[in-house]
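Q: Dropping the sequence and predicted coords here.
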Amino acid sequence: GQSLEQPSEVTAVEGAIVQINCTYQTSGFYGLSWYQQHDGGAPTFLSYNGLDGLEETGRFSSFLSRSDSYGYLLLQELQMKDSASYFCARADSNYQLIWGAGTKLIIKP
Amino acid sequence: KAGVTQTPRYLIKTRGQQVTLSCSPISGHRSVSWYQQTPGQGLQFLFEYFSETQRNKGNFPGRFSGRQFSNSRSEMNVSTLELGDSALYLCASSLPNPSYNEQFFGPGTRLTVL
């Protein structure tokens, strides 16, 4: 199987920290990417984890544990502009990205 | 550097018709992927082209086809349109290797089938 599971919706407060989890099936797994998509916009790349561990880019971090088939995106110091959908996507050996259904992040003031 | 462009941005067709969508990748990017996105859904992979060859194909019927030209521009075609084909069609370009690390998306073509 190739599916990815992520929560459909997460709500958080401005200034807080939120974690969006993603579990995946391991067949042919190469790495895990995260993308952000604002309503009406195109997805934009946030991060990629090819190895276990934490990748940090400013307020955003992404984590991967291959042994647990699990990753997460961590957003710190949430801002209203972070309200968007976040997708995890797994890369497989065929250069193909398989996408999760997305997590809608709702930020309240 | 110009981003990925897609034309047209919006399209309205009726059932049974066919449609052709176009995508121009970022200069130097030779890999182009196409996706279908419906409300509340993730991106469903259609196909990927690299150097004018289809390298991967998703789980879509044969009504969906594509091609890539020598300048890396790509087109996708949907024949015999069905109501369920109404969606946002996104194309993404990337460097050839590894293409899965970072894809750059165009604004999409929103197709409505009546």
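A: Alright, I've got the coordinates.
Q: what bits of the chain have low per-residue confidence?
A: Looking at chain A here, since you left the chain open. For chain A, applying pLDDT under 70 flags the ranges A:1-2, A:95.
Q: nope, chain B please
A: In chain B (pLDDT under 70), the answer is B:1, B:96-101.
Q: give me that answer again for 80
A: For chain B, the stretches flagged by pLDDT under 80 are B:1, B:40-42, B:96-101.
Q: CA atoms only: put stretch A:69-88 into CSV for me.
A: Taking C-alpha atoms only, stretch A:69-88 is exported to CSV below (Å, rounded to 0.1, in the frame of the first residue of the first chain):
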residue,chain,number,x,y,z
SER,A,69,6.7,5.0,9.6
TYR,A,70,5.8,8.4,11.0
GLY,A,71,6.6,12.0,10.5
TYR,A,72,5.3,15.3,11.7
LEU,A,73,5.4,19.0,10.8
LEU,A,74,5.8,21.4,13.7
LEU,A,75,4.8,25.0,13.4
GLN,A,76,5.9,27.4,16.1
GLU,A,77,4.8,31.0,16.9
LEU,A,78,1.7,30.5,14.8
GLN,A,79,0.6,33.5,12.8
MET,A,80,-2.7,34.0,11.1
LYS,A,81,-1.1,33.7,7.7
ASP,A,82,-0.2,30.1,8.6
SER,A,83,-3.9,29.2,8.2
ALA,A,84,-3.7,26.8,5.3
SER,A,85,-3.9,23.1,4.4
TYR,A,86,-0.7,21.1,5.0
PHE,A,87,0.0,18.0,3.0
CYS,A,88,2.5,15.3,3.6
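Q: from the middle of its chain, how far away would that stretch be?
A: 6 Å (Cα atoms, centre = their mean, to the nearest Å).
Q: Could you look up the SS state of B:Asn77?
A: strand (DSSP: H, G, I helix; E, B strand; the rest coil).
Q: surely it meets B:Gln18?
A: Yes: at 6.5 Å, B:Asn77 counts as touching B:Gln18 under the criterion of Cβ atoms under 8 Å. Bear in mind the C-beta positions are built from the backbone N, C-alpha and C, glycine included.
Q: what about B:Ser27, neighbour count?
A: 10 (other Cβ atoms under 10 Å in any protein chain shown).
Q: I meant A:Ile107, not that one.
A: If we define neighbours as other Cβ under 10 Å, then A:Ile107 has 20 of them.
Q: Would you confirm that it contacts A:Glu77?
A: No: using Cβ under 8 Å, A:Ile107 is not in contact with A:Glu77, being 11.2 Å away.
Q: Flag every residue of chain A that's near chain B.
A: Neighbours of chain B within chain A, by Cβ under 8 Å from any Cβ of the partner chain: A:30-31, A:33, A:41-45, A:48, A:50, A:87, A:89, A:91-92, A:94-102.
Q: Kindly write the PyMOL command that selects the buried subset of those.
A: Burial among the residues of chain A next to chain B is assessed by 16 or more other Cβ atoms under 10 Å in any protein chain shown; the matching PyMOL selection reads:
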select buried, chain A and resi 30+31+33+42+43+45+48+50+87+89+91+92+95+96+97+98+99+100+101+102
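Q: who's in contact with the residue nearest to B:Ala92 when sequence neighbours are not counted?
A: Excluding its sequence neighbours, the residue lying closest to B:Ala92 (Cβ to Cβ, 6 or more residues apart in numbering or on different chains) is B:Gln103, at 3.8 Å. B:Gln103 sits next to A:43, A:45, A:97, B:33, B:92-94 when contact means Cβ atoms under 8 Å, 6 or more residues apart in numbering or on different chains.
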